[in-house]
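Q: Attaching a predicted model along with its sequence, questions to come.
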Amino acid sequence: MNRLLYGLILMMLLIASACLDEIAIENADRPEDGYVVQAKLISGNPSYVEVKVEQLFFYTSNINRPVNDALVSLVKKTGERFEFQEVPLDGIYSAYLEQADFPVEVGQSYRIEVEITPEIKLQSDWDQIFATPKADNISWDFTEIETVSTDGLLSRSSGIQFSITTPIITATEKARLRWEFIDAYRVTDDLNFTCYIENSYQNNRLFLLDGNTVGPDTITNYPLFSDQLGIRHIDGYYLSVFQQALSPEAFTYWEQVSALLEREGTVFDNPAGAINTNIRNLADSTQLVYGFFSAYTQDTLRRFLSREEMGNLDFYCPRPPTNQVPPPITVCDGCIDALGASYNKPYYWQ
């Protein structure tokens, strides 16, 4: 009986598949390309401006193409204009601005303009510069880091927790803060060359705090991030912390980016949706443009961790011999080949 039933079902499926017509599915109603513009203006002495312009192809490839032939300008709301003259590298237009040449000031608003063709003129909204509270100090302590393996096993390892103490209020209002980091460490390779390796701190999350959500006017030992003890902490390590005060619009943008980075991607999550941008094509409102322009001040702090503070851990190089297959090439085989490596100390290294 079961064999007869299975045979009838199989026959019906074969007949149904033979009767189906091919269906041609057209591409979605979506432009074939768009643009990504990430830009920032950091007030200082000198100030620094950077505009990264890329073209994004949706159907031919998913690789961004740098745009190196655009006309890029920084405009102040009071009328002053700075036009980039240097040839960009990989679509990155950057310049240092002396106050005498182009004043960058707290309380003033700025925008960027990018002309790619006469039909593609991108322009950001105005973004106002807010004062940044001056941070007090960076502190650290030993901690334990929990990790979960691919097979679900939980393990613990030694780590470091970094924290910050800072006011979150300026003369006028509470600040909306974002933190960025650069870490630098020293290593001596098997050839007895000493390198200083300096790179932006890599993490899968952003570090944000809206001062309006905090009761006190100062946060004390506010946790920033924790890291496993490793090669970077053995022979001298510097953490540079950049505390930035953002406009309400810029803070909202980075909150959206942070939510996108941290979401788990389960079926119960809300759709990711499009992240707001303050940049648009003046000639064509349907042109897809991604990215953001933000103008801000920042305060810089640095914290040095010595070998003695780390407990005089064993040097990373030379690697101890094992009975296993030799490991791939490491920093010990030639430290200068590491990303961000130099034989010269960073200017702040004491």
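A: Here it is on my side, so go on. Numbering: from 1, shown residues only.
Q: Every contact and neighbour count from this point should use C-alpha atoms.
A: Noted.
Q: How about the secondary structure of residue 251?
A: When classified by DSSP: H, G, I helix; E, B strand; the rest coil, residue 251 comes out as helix.
Q: So what touches stretch 81-99?
A: The contact list for stretch 81-99 (CA atoms under 8 Å, 6 or more residues apart in numbering) reads 45-54, 66-68, 71-75, 102-103.
Q: got the buried residues for that stretch?
A: Residues 84, 88, 91-95, 97 are the ones in stretch 81-99 that count as buried (16 or more other CA atoms under 10 Å).
Q: Could you pull up the mean pLDDT of that stretch?
A: Averaged across stretch 81-99, the pLDDT comes to 95.
Q: how close does the closest residue to residue 52 other than its chain neighbours sit to residue 178?
A: Leaving aside its chain neighbours, residue 52 sits nearest to residue 92 (4.3 Å; criterion: CA to CA, 6 or more residues apart in numbering). For residue 92, the distance to residue 178 equals 22 Å [CA to CA, to the nearest Å].
Q: next one: residue 228
A: Between residue 228 and residue 178 the computed distance is 23 Å (CA to CA).
Q: what's the answer for residue 79, then?
A: Per CA to CA, residue 79 is found 29 Å from residue 178.
Q: Who has more neighbours out of those two?
A: Of the pair residue 79 and residue 178, residue 178 is the one with more neighbours under other CA atoms under 10 Å, namely 19 against 7.
Q: Strands of the stretch 151-300 of the chain, residue ranges please.
A: Assigned by DSSP state E, counting those that start in this stretch, the stretch 151-300 of the chain shows strands spanning 154-167, 176-188, 194-200, 207-210, 218-228, 237-246, 279-281, 289-305.
Q: Quick check on the spatially most central residue of the chain: phi, psi?
A: Nearest to the mean C-alpha position of the chain, counting by CA atoms, centre = their mean, stands residue 206 at 7.3 Å. Main-chain torsions, residue 206, degrees, to the nearest 10: phi -100, psi 160.
Q: Residue 258 is in contact with that one, correct?
A: Yes - between residue 206 and residue 258 there is a contact under CA atoms under 8 Å: 5.6 Å.
Q: what residue ranges in this structure score low on pLDDT?
A: Filtered on pLDDT under 70, the chain yields the residue ranges 1-32, 58-62, 264-274, 326.
Q: what ranges do the helices span in it?
A: Using DSSP state H, the helices of the chain run over residues 2-19, 248-262.
Q: Relative to residue 111, which of the strands of the stretch 151-300 of the chain is closest?
A: Ranking those by their distance to residue 111 (criterion: CA to CA) puts strand 289-305 first, at 7.3 Å.
Q: could you measure residue 280 against residue 140, distance?
A: 43 Å.
Q: and what of residue 335?
A: Distance from residue 335 to residue 140, by CA to CA: 27 Å.
Q: Which one's more surrounded, these two?
A: Taking neighbours as other CA under 10 Å, residue 335 and residue 140 compare with residue 335 leading, 24 against 17.
Q: Name the nearest residue to residue 178, sequence neighbours excluded.
A: Among residues not flanking residue 178 along the chain, residue 208 sits closest, at 4.5 Å (CA to CA, 6+ apart).
Q: Residue 137 now?
A: Among residues not flanking residue 137 along the chain, residue 165 sits closest, at 5.5 Å (CA to CA, 6+ apart).
Q: thinking again about what came up before, got a list of what the residue nearest to the centre of the chain touches?
A: Here residue 206 is in contact with 178-179, 254, 258 (CA under 8 Å, 6+ apart).
Q: between those residues, which is closest to residue 303?
A: The closest of the contacts of residue 206 to residue 303 turns out to be residue 179 (CA to CA; 14.6 Å).
Q: what number of residues lie near the residue nearest to the closest one when sequence neighbours are not counted?
A: In space, and not counting its chain neighbours, residue 179 is closest to residue 243: 4.8 Å by CA to CA, 6+ apart. Applying other CA under 10 Å, we find 24 residues neighbouring residue 243.
Q: Do I have it right that residue 243 meets residue 175?
A: No - contact criterion CA under 8 Å: residue 243 and residue 175 do not qualify, at 10.6 Å.
Q: Mind listing the shared neighbours of these two?
A: With contacts defined as CA under 8 Å, 6+ apart, the residues shared by residue 243 and residue 175 are residue 132.
Q: start to end distance for stretch 167-184?
A: Terminal residues of stretch 167-184 lie 26 Å apart, using CA to CA.
Q: what does that stretch contact?
A: By CA under 8 Å, 6+ apart, the surrounding residues in contact with stretch 167-184 are 130-136, 196-201, 206-212, 217-219, 232, 237-248, 251.
Q: Over to stretch 224-234?
A: Stretch 224-234 has contacts (CA under 8 Å, 6+ apart) with 143, 145, 157-164, 184-187, 207, 305, 307, 310, 312-316.
Q: Of the residues you listed, which qualify as buried by neighbour count?
A: Neighbour-count burial (16+ other CA under 10 Å) applied to those gives 143, 145, 159-164, 184-187, 207, 305, 307, 310, 316.
Q: From residue 349, how far out is the nearest residue to residue 53 once chain neighbours are set aside?
A: Excluding the flanking residues, the one nearest residue 53 by CA to CA, 6+ apart is residue 37, at 4.8 Å. Applying CA to CA, the value for residue 37 to residue 349 is 34 Å.
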